[in-house]
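Peer 1: Whatever this is, show me its structure:
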Amino acid sequence: MGEKRTVYMDHSATTYVRKEVLDAMIPYFTEHFGNPSSIYGIARDSKKAIDIARGQVAKALGAEPDEIYFTSGGSESDNWAIKGIAYANRKKGNHIITTKIEHHAVLHTCQYLEKEGFTVTYLPVDQYGLVDPADLEKAITGKTILITIMYANNEIGTIEPITELGAIARKHKVYFHTDAVQAIGNDPIDVKTQNIDLLSLSAHKFYGPKGTGALYIRKGVKIDNLIHGGGQERRRRAGTENIAGIVGCGRAIELATADIEGHNMRIRALRDRLMKGILAKIPNARLNGHPEKRLPGNINISFEFIEGESMLLWLDDEGICASTGSACTSGSLEPSHVLLATGLPVEISHGSLRLTLGDVNKEADVDFVLEVLPKVVSRLRDMSPLYQKSGKEGGCNVQ
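Peer 2: Next comes the predicted model:
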């Protein structure tokens, strides 16, 4: 018997570390191990490496180096942005605006702040997961201090009208934060032209190391610290710096943003072929998210009459790595809050599958999934009493 094939299509959950990134990191585990807070030579080498990485991240975002603060990842960056703005501006107001489809790092932080006396408005989205800028403008009050809306959704891939939303926030003099964890390397970002005051990112989503991220904080933004202690990160984020991780983050974002258009053209072609093939081969399936305004590698499809968890197990048995949605909730039996917010019924949302393509994927991977997935869905439906009663065999698909 030959070795079982592995097809990785869960790049929104995490990516591998590129060789160029790992090569840049390794010296900072060994010879360049000095603490950047010390004053001798090997410590200065570490500090210089952090400064270079800070410049790489800033360049990728259209920011200034002293507006970049390194963190442990997207969740910490989201928490810092939201709690930091809330506590620092409490005398001005206590109202925060977000959406119903945010990552739980944002939603749970907002829910925590509600217990602290803040009020939160959760904006609705349309059937594609898009926020209506008019809804945002209507929600702003004299007490609104922060608007936090994700750049691109991690489950359905929909890209929000960030520039327009940011312009509304700027007009009303309200701080605007975006969780751009899924967007880096997939959509060109310029924090200045897009009216972004704070932006969260995480290196492991763009072929960098896990456990390292950053928060962009525009100069002049009034924000409290989240982590207290030493004077690292210009006295804004305490804790000895993860030098190797920071170096990896800088190199990874440099590579990820070097040719976004070329990257997207290749990934989008694979995605579209896979997406069209699934919808053509499998009846009673529907595409979730916007058909065009979406991340280049994202496919999210719901299959009626089956459970997503069962589908994942069968696909895994065939060597296909996929997801039912956010990796942070993949062990949960709760229906996706994102799909429910788009108006998808609970019973259909349970049968959703997220395939996210990346640099490792080739045409042969698409062929393999198109060969395996229809068989998996068919087998699961054959075991489903609901499918037998539905009379929908061979029904048409919704796009």
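Peer 1: CA atoms for contacts and neighbours, from now on please.
Peer 2: OK.
Peer 1: quick check, Ile301 in a strand?
Peer 2: Yes: under DSSP: H, G, I helix; E, B strand; the rest coil, Ile301 sits within a strand.
Peer 1: my guess is it contacts Thr356, does it?
Peer 2: No: in this structure, Ile301 is not within contact of Thr356 by CA atoms under 8 Å, at 11.4 Å.
Peer 1: if you count what's nearby, which of the two comes out ahead?
Peer 2: The neighbour comparison of Ile301 against Thr356 (other CA atoms under 10 Å) goes to Thr356, with 28 against 23.
Peer 1: Phi, psi for Thr121 please.
Peer 2: phi -100, psi 130 (degrees, to the nearest 10).
Peer 1: Number of residues surrounding it?
Peer 2: 17.
Peer 1: Do I have it right that it meets Ile96?
Peer 2: Yes: the criterion here is CA under 8 Å, and Thr121 meets it with Ile96 at 6.4 Å.
Peer 1: Nearest the geometric middle of the chain, what residue?
Peer 2: The C-alpha lying nearest the average C-alpha coordinate of the chain belongs to Gln182 (CA atoms, centre = their mean; 3.0 Å).
Peer 1: Return the per-residue confidence for that residue.
Peer 2: pLDDT, Gln182: 98.
Peer 1: I'd guessed it sits against Thr14; true?
Peer 2: No: using CA under 8 Å, Gln182 is not in contact with Thr14; the gap is 10.1 Å.
Peer 1: Next, show the common contact partners of the two.
Peer 2: Residues touching both Gln182 and Thr14 by CA atoms under 8 Å, 6 or more residues apart in numbering: Lys205.
Peer 1: Next, the distance between the ends of stretch 352-361.
Peer 2: 21 Å (CA to CA, to the nearest Å).
Peer 1: what comes up buried for it?
Peer 2: 352-358, 361 (16 or more other CA atoms under 10 Å).
Peer 1: One more: stretch 159-175?
Peer 2: Quick answer for stretch 159-175 (16+ other CA under 10 Å): 159-163, 165-169, 174-175.
Peer 1: and for that stretch, what are the contacting residues?
Peer 2: Contacts for stretch 159-175 (CA under 8 Å, 6+ apart): 130-131, 133, 136-137, 140, 144-147, 150-153, 176, 193-198, 221, 293-295.
Peer 1: Now list the buried members of those.
Peer 2: Buried among the contacts of stretch 159-175 by 16+ other CA under 10 Å: 130-131, 133, 136, 140, 144-147, 150-153, 176, 195-198, 294-295.
Peer 1: the helices in the stretch 251-399 of the chain, which residues?
Peer 2: With DSSP state H, counting those that start in this stretch as the criterion, the stretch 251-399 of the chain has helices at 260-281, 308-317, 337-341, 346-349, 363-382, 385-390.
Peer 1: Out of the contacts of stretch 159-175, name the ones that lie in strands.
Peer 2: If you go by DSSP state E, these have 144-147, 176, 198 in strands.
Peer 1: can you redo these as a markdown table with pLDDT?
Peer 2: Shown next, in a markdown table, are the ones in strands among the contacts of stretch 159-175 (pLDDT from 0 to 100):
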| residue | pLDDT |
| --- | --- |
| Thr144 | 98 |
| Ile145 | 98 |
| Leu146 | 99 |
| Ile147 | 99 |
| Phe176 | 99 |
| Leu198 | 99 |
